[in-house]
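>>> here's a sequence, model it:
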Amino acid sequence: MARETKAERLAREAAERAAYQAEQAATYPQRLMAMLERATKTNWELAVRDAKFVLSDRDGCRDRSVELTLTYSTENQEALHELDWRVEIKEEEAREEERQRNLRRQAFAKLSPEEQQALGLSSEFNW
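Predicted structure coming up:
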């Protein structure tokens, strides 16, 4: 098997980068819409200003909004990646809160009525 020359390797890597960029550009609108849907489900406010989607985290303590447009660019790709990362953190926090609520419900179900009364808990308590 012949080894690849440096020029051939560079040409192959350039072709792979170009193919990756073309795929990213082609799928950008679908990925953007999917991310907007995920973001709004995790309490992000969506507004449209100056032909840009502006997303602000309602739960965030600082105004670190993310701006995206419908057309693909490296800046939009980076902003989409940042938004994906921030939404994933919020989704993980929500999953952890739900897991802990389920643990409390299971522990409550194991208590006898007398134990529940001693703890001052009622069966209607919203965990």
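>>> please make it C-alpha for all contacts and neighbour counts, starting now.
OK.
>>> all strands for this protein, in order.
44-49, 52-57, 66-68 (DSSP state E).
>>> deepest of those strands, which one?
strand 66-68 (a mean of 20; mean count of other Cα atoms under 10 Å).
>>> wait, residue 91 touches residue 42, no?
Yes: using Cα atoms under 8 Å, residue 91 is in contact with residue 42, at 6.9 Å.
>>> where are the low-confidence patches of this protein?
1, 121-127 (pLDDT under 70).
>>> all helices for it, in order.
6-41, 74-110, 113-118 (DSSP state H).
>>> go through the second one and flag the buried ones.
Okay, so that is helix 74-110. Using 16 or more other Cα atoms under 10 Å as the test for burial, helix 74-110 gives 76, 77, 79, 80, 83, 84, 87, 90, 91, 108.
>>> as a markdown table, those residues with distance to residue 15 would be great.
A markdown table is the format used below for the buried residues of helix 74-110 (distance: Cα to Cα, whole Å):
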| residue | distance to residue 15 |
| --- | --- |
| 76 | 22 |
| 77 | 20 |
| 79 | 25 |
| 80 | 24 |
| 83 | 28 |
| 84 | 27 |
| 87 | 32 |
| 90 | 36 |
| 91 | 36 |
| 108 | 60 |
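>>> which of the residues you listed lies closest to residue 21?
residue 77 (10.2 Å; Cα to Cα).
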